[in-house]
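J.: A predicted structure for the sequence below; I have some questions about it.
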Amino acid sequence: MKKTAKIVLVVIIIAVVVILLAVVLGSQAKNRQEIAQTEAAENISATPTPTVVPAPTPTPVPTSPLDADAQTPVSFGNNVIEYEYFDVVENETKTIKKEVGEQTLLIQPFKIIAEQFFEKPLDETPIEPNSVELRDDSIYIDLKKSIYTSNLGSSGESAVLESIANSYLNNMEGVESVYISVDGGPYESSHIEFSQYEPYKAKE
């Protein structure tokens, strides 16, 4: 009987220990879960919210005569260069006129073509002419032999000559034909040949 009582007592003690362990372990697990949730909440609240900064509105730049682009209307006549531009400050179209000598006016197409084809000043290109003269209704152009060293190929060389002739025929009132020579003689490159006595190009 005493032996049976001891066994029962041992079983009760073991059961109590197991229950205590279960309670302790459960409490620790619950505490760990609560701590993890708290830390996660703190991390979320600590994350900064990105701020969206609006892009600055560009300030319009007023147009001035120096801002006039390639589309600006330009005209030549009576030894005057005239062009128009729109002034956004005063909200109106303005016209600028500049008087030039005849030789300055005659050489102007060459300066434009030099910039377009070679991206250099005229005196640094092979198309700088010896002379450009207006006689009656014709333009007479005498080129230097450096034109033969332009290295533009046959199509490029032809394009340069066409641009020169068209600049006078299309922009100078009263000009009906353009003559081209080289050092007073005929034009004779490896690609193109023609006489100085016949118009290189004339209005149709």
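T.: Ah, there it is. Note that the coordinates shown come from a computational prediction; the quantities given were computed from them, not determined experimentally. Numbers count the residues shown, from 1 in each chain.

J.: All the helices of this structure, in order from the start?
T.: With DSSP state H, the ranges of helices along the chain come out as 2-46, 102-118, 153-171.

J.: Identify the residues contacting the closest residue in space to Tyr148 that isn't next to it in sequence.
T.: Nearest non-adjacent residue to Tyr148, counting by C-beta to C-beta, 6 or more residues apart in numbering: Ser189, 4.9 Å away. Every C-beta, even on glycine, is put in place using the N, C-alpha and C of the backbone. Contact criterion C-beta atoms under 8 Å, 6 or more residues apart in numbering gives 147-148, 157 as the residues in contact with Ser189.

J.: Please dump the residues you listed into a markdown table; it should also carry distance to Asn171, neighbour count and pLDDT for every row.
T.: Converted to a markdown table, those look like this (distance: C-beta to C-beta, whole Å; neighbours: other C-beta atoms under 10 Å; pLDDT from 0 to 100):
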| residue | distance to Asn171 | neighbour count | pLDDT |
| --- | --- | --- | --- |
| Ile147 | 21 | 22 | 92 |
| Tyr148 | 27 | 17 | 92 |
| Glu157 | 22 | 19 | 90 |
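
J.: will you turn the residues you listed into a markdown table that also has distance to Gln116?
T.: Shown next, in a markdown table, are these (distance: C-beta to C-beta, whole Å):
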| residue | distance to Gln116 |
| --- | --- |
| Ile147 | 16 |
| Tyr148 | 20 |
| Glu157 | 14 |
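
J.: any idea which of those is the one closest to Ile164?
T.: Ile147 (10.1 Å; C-beta to C-beta).

J.: Just give the nearest non-adjacent residue to that closest one, would you?
T.: Pro126 (5.4 Å).

J.: before we move on, what about Val175?
T.: Leaving aside its sequence neighbours, Val175 sits nearest to Tyr168 (C-beta to C-beta, 6+ apart; 5.1 Å).

J.: any idea how far the one you found is from Ser138?
T.: Counting by C-beta to C-beta, to the nearest Å, the gap between Tyr168 and Ser138 amounts to 9 Å.

J.: Same question for Glu176.
T.: Counting by C-beta to C-beta, the separation of Glu176 from Ser138 is 7 Å.

J.: Pick out whichever of the two has more residues nearby.
T.: Ser138 (16 against 13; other C-beta atoms under 10 Å).

J.: before we move on, the earlier item: count the residues that sit near the residue nearest to Ile147.
T.: 18.

J.: coming back round to it: any idea of the pLDDT on the residue nearest to Tyr148?
T.: Model confidence at Ser189, expressed as pLDDT, equals 92.
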